[in-house]
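Visitor: Fold the following.
(chains A and B, ligands or ions: 1)
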Amino acid sequence: MFLKSLSLLSIRNYSRLDVELGPGMNLFHGGNAQGKTNLLEAVSFLASLRSFRGVKAPALLAWGAAEGMVRGEVVREQAHSSSSRRLTVGISKEGRRVTLDGKKPGSVREYLLSLKVVSFSPEDLFLVREYPAHRRRFLDRSVFHAHPSYIDVVGRCAASVKQLNAALRAGDDKVMESWEELLVPLAAEVTLRRRERVAGLGPRAAALYDSTLGSGELGLTYRSQARGEGKDELESSYRELFRKKRAEGIRRGSCQAGPQFDDLGITLSGRDMRLTASRGQGRLALLALVLADAEVYRDEQGEYPVLLLDDVASELDVRRRDALMDYVSGMGQALLTSTDETLVSGRDCRLFLVEDTGDGAAIKL
Amino acid sequence: MSETLERLVGEFAKLPGIGRKTAQRLALYILKSGGDEARSLAAALIDLKEKARPCRECSNITEEELCGVCSDTRRDTTRILVVEEISDLMAVEATREYKGLYHVLMGAISPIDGIGPDDTTAGKLVERVKRGGVEEVILATNPNLRGEATALYITGALKPYKVKVTRIAYGMPMGGALEYADSGTLIKSLEGRREV
Ligand SMILES: [Zn+2]
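Guide: Numbering: from 1, shown residues only, chains lettered A, B, ... in the order given. The predicted structure follows:
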C-alpha cells in the first residue's frame, strides 16, 4: 500500500501543497521548524483521524484559516489487482468531515481500513515511558486492521464503563450488576484481542531490537487484572473482579476493574523500560514496536503499511542508522524526515526539500 | 412573517422529524384549508392530551382503564412482550403476528442520563408477573447498550419468579431500534427468541 499523492490546503504552515510520492523511500529534508513533521502529522491524521501530537482536528488548521483539507490517493496492490482510493478529510472549526472517493463512507470503519500507517515520532516516546492509555490505543489500532469489528467492541466497552461509573454513583446495586454483566463479554474480548496482538508483536519486536536496532532482549507482555486462557475464563475472571471491586468503585465513584486498567509492559533484558530506559533505548524500543506492527500487518494483509519515520536518524550511531535504512528500504513506502539528506545517500529515494520562506512552507524537488 | 403564522411554524418545528421548511409548509396548508380542518386538528391534539392516558396494566396508550390489547379477550394472557416505547409496540402490532400482551417500559435504564429503574415501568412489570398467570416474558428492548442493560436488569428482577424469560433475536445491526425494523425482520426476531 502506498500514498501516490498528497494534497494539503491550509494545514499548519502549508497554505497549499500538492506532491507526488514514490512507492518506496521518500525523504523530506531541510532545516528545523520548516514543516517536515507537519507533513507526516497530516498523513497520520489522514489515516487515523487523530494527530500524533494529541491535538484535536481544528488545531491542524493554518493560522487564521477557517477551513482546511488533507487529501491522499492510496494505491493498494494485492495479488493480481491494484486499486486506488481517494481519501479526503475536510477540517473546520467544528471538526472534521471525511470522504472516500468523493462520497461519504458507509462507516468510519470503512474509511479507517482504507489506509494503514505506522508512525514513529520522537514525540511518541511516551509510548514507552508514560501513559498506559497511549499503549492501549497503539494495540487497539493494531488489532483493528486484523479484526475491523473490534472498533465497535472497544467503543461499546468504553461507553459501558461510563454507564457503570454513573451507576456506581447512583447507588442501585441491581443496576450496577446489569451494567457489569453487560461489560463482562466486552471487557474479556478487548483483553483477549490485545493479548493475542502482543503475542504476535513480541517476537517480531524482539528480533528487530536485538539484530537491527540495539542489543538486548526486548520483551512485550500484556498486563491485565483478568486471568485466564480463553474468552470464557476471562469472562468469569472479569465477573469476579467487578463483584469484588464494586465497594471500592462506589467509594471512588468509578469502576476499578476492566481493560481500561490493562497495560502493555515493555522490558529490556527483564527490566521494566518505563522505569529504567534511557532516552536512546526508549527510541529504539519504540522503533522496534512500530516496525513489528508493520511486519504483522504485512503477514496478515499481504502488503506493508505506509511507514512514517519522523526524525528517526538523530541520536543513532552510523552503524545502526545504516542497518535501519537497509531494513526500511526492504519494506514498502516510507516517508522520512531529517535535517540531513545524507541519511539516504546511495539509496533509491525521492528527495523533497522543505522550506518555509516566511509565507508558508513549500517543497522543492 | 405574520406573528400568528410564525407562532404555528414555531410549534410545528418543535415536533420530532419536522424541520423549519416542513413546519412552514404545514402552517401554510392550515392557513389555506377550511376552518373545520383547523378546528378538528386542534380538537384532536387536545383530546389526545386530555383523554389519552397510560393503560393501567401495560402503559400502552388508551382512553379507558385498559388499552385495546389488554381488554381484548382473544389475546394470549400467558405472554408479555416488553418494549421500551409505545412506537415499538405499534411496530410489533403492525406485523399482526404477535397475539400476547405487552409491557411498555417508557424508557430504558441509562445511569449517565440519570434514568434509573424507577423512571421506567419495570417495577409494574414485576408486579404483573408476581400476580401469576404469566408463563413467558419476552424482552424486546432495543439492541443497543441501554436496551441490553435494561433487559439484563429485568432478567435479574424476574429471577425469583417462576416465569420463562426470553430475549428476541435481532437480525438487525447492533445500535438499531425496534421501531425502524421492517415487519419481516421483526417476525424473524420474535420467532428466533431465546431463553436467557
Ligand atoms: Zn394495556
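Visitor: and the residue in chain A positioned nearest to chain B, what is it in contact with?
Guide: Of the residues in chain A, the one nearest chain B is residue A:166, at a distance of 3.4 Å by Cβ to the nearest Cβ. Any C-beta I mention is one placed from the backbone N, CA and C, and that applies to glycine too. Under the criterion of Cβ atoms under 8 Å, 6 or more residues apart in numbering or on different chains, the neighbours of residue A:166 are B:111, B:112, B:114.
Visitor: Now flag whichever of these is closest to chain A.
Guide: For those, the closest approach to chain A (Cβ to the nearest Cβ) belongs to residue B:111, at 3.4 Å.
Visitor: does residue A:7 sit in a helix, a strand or a coil?
Guide: Here residue A:7 is recorded as strand under DSSP: H, G, I helix; E, B strand; the rest coil.
Visitor: Number of residues surrounding it?
Guide: As a burial measure, residue A:7 scores 18 neighbours (other Cβ atoms under 10 Å in any protein chain shown).
Visitor: and the gap between it and residue A:20?
Guide: 10 Å (Cβ to Cβ, to the nearest Å).
Visitor: One more: residue A:74?
Guide: Residue A:74 sits 14 Å away from residue A:20, going by Cβ to Cβ.
Visitor: Who has more neighbours out of the two?
Guide: For residue A:74 and residue A:20, the more surrounded residue by other Cβ under 10 Å is residue A:74, and the numbers stand at 21 against 12.
Visitor: Report the beta-bridge partner residues of the more buried one.
Guide: Residue A:74 has these beta-bridge partners by DSSP bridges: residue A:3, residue A:85.
Visitor: Overlap of the contact sets of residue A:74 and residue A:20?
Guide: Contacts common to residue A:74 and residue A:20, judged by Cβ under 8 Å, 6+ apart, are residue A:4.
Visitor: What mean pLDDT does the strand or helix carrying the residue of chain A closest to chain B get?
Guide: Remark: residue A:166 resides in helix A:150-170, with elements defined by DSSP states H and E. The predicted model gives helix A:150-170 an average pLDDT of 96.
Visitor: so residue A:351 touches residue A:22, yeah?
Guide: No - with contacts defined as Cβ atoms under 8 Å, residue A:351 does not count as touching residue A:22, sitting 10.0 Å away.
Visitor: Using PDB, write out every CA atom in the longest helix that chain B contains.
Guide: Scanning chain B for the helix with the most residues, using DSSP state H, yields helix B:35-51. Listed in PDB are the C-alpha atoms of helix B:35-51, where the atom choice follows Å, rounded to 0.1, in the frame of the first residue of the first chain:
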ATOM      1  CA  GLY B  35     -61.800  26.400   9.300                       C
ATOM      2  CA  ASP B  36     -63.200  22.900  10.000                       C
ATOM      3  CA  GLU B  37     -59.900  21.300   9.300                       C
ATOM      4  CA  ALA B  38     -58.000  23.500  11.700                       C
ATOM      5  CA  ARG B  39     -60.700  23.100  14.400                       C
ATOM      6  CA  SER B  40     -60.600  19.300  14.000                       C
ATOM      7  CA  LEU B  41     -56.800  19.200  14.200                       C
ATOM      8  CA  ALA B  42     -56.800  21.400  17.300                       C
ATOM      9  CA  ALA B  43     -59.500  19.200  18.900                       C
ATOM     10  CA  ALA B  44     -57.600  16.000  18.100                       C
ATOM     11  CA  LEU B  45     -54.500  17.500  19.700                       C
ATOM     12  CA  ILE B  46     -56.300  18.500  22.900                       C
ATOM     13  CA  ASP B  47     -58.300  15.200  23.100                       C
ATOM     14  CA  LEU B  48     -55.100  13.200  22.900                       C
ATOM     15  CA  LYS B  49     -53.600  15.000  25.800                       C
ATOM     16  CA  GLU B  50     -56.800  15.200  27.900                       C
ATOM     17  CA  LYS B  51     -58.400  11.800  27.200                       C
END
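Visitor: Show me what the helix or strand just after it is packed against.
Guide: Using DSSP H and E, the helix or strand that follows helix B:35-51 towards the C-terminus is strand B:53-54. Other helices and strands packing on strand B:53-54, by 3 or more Cβ pairs under 8 Å, 6 or more residues apart in numbering or on different chains; DSSP states H and E, are strand B:61-62.
Visitor: Which strands border the strand it packs on, and is each parallel or antiparallel?
Guide: Each strand that strand B:61-62 pairs with, and the sense of that pairing, follows from DSSP bridges: strand B:53-54 (antiparallel).
Visitor: any idea how far the residue of chain A closest to chain B is from residue A:246?
Guide: Counting by Cβ to Cβ, the gap from residue A:166 to residue A:246 is 14 Å.
Visitor: Likewise for residue A:355?
Guide: In this structure, residue A:355 and residue A:246 are separated by 60 Å, where distance is defined by Cβ to Cβ.
Visitor: same deal with residue A:95?
Guide: In this view, residue A:95 and residue A:246 are 37 Å apart by Cβ to Cβ.
Visitor: Okay, and the residue most central in space within chain A sits in which element?
Guide: Residue closest to the average C-alpha location in chain A (Cα atoms, centre = their mean): residue A:138, at 4.9 Å. Residue A:138 is located in helix A:132-146, with elements delineated by DSSP H and E.
Visitor: Report all helices and strands that that helix contacts.
Guide: Using 3+ Cβ pairs under 8 Å, 6+ apart as the contact definition, the elements that helix A:132-146 packs against are helix A:150-170, helix A:173-208, strand A:263-268, helix A:279-301.
Visitor: Now do the buried residues in it.
Guide: By neighbour count on 16 or more other Cβ atoms under 10 Å in any protein chain shown, the buried set for helix A:132-146 is A:132, A:134-136, A:138-146.
Visitor: Out of those, flag the one nearest to residue B:121.
Guide: Compare each of those with residue B:121 using Cβ to Cβ and the shortest gap goes to residue A:140, at 38.8 Å.
Visitor: Excluding chain neighbours, what is closest to that closest one?
Guide: Closest residue in space to residue A:140, ignoring its immediate chain neighbours: residue A:154 at 5.5 Å, by Cβ to Cβ, 6 or more residues apart in numbering or on different chains.
Visitor: what's the answer for residue B:53, then?
Guide: residue B:62 (6.6 Å).
Visitor: what's the burial count for the one you found?
Guide: Each residue near residue B:62 was counted by other Cβ under 10 Å, and the total is 20.
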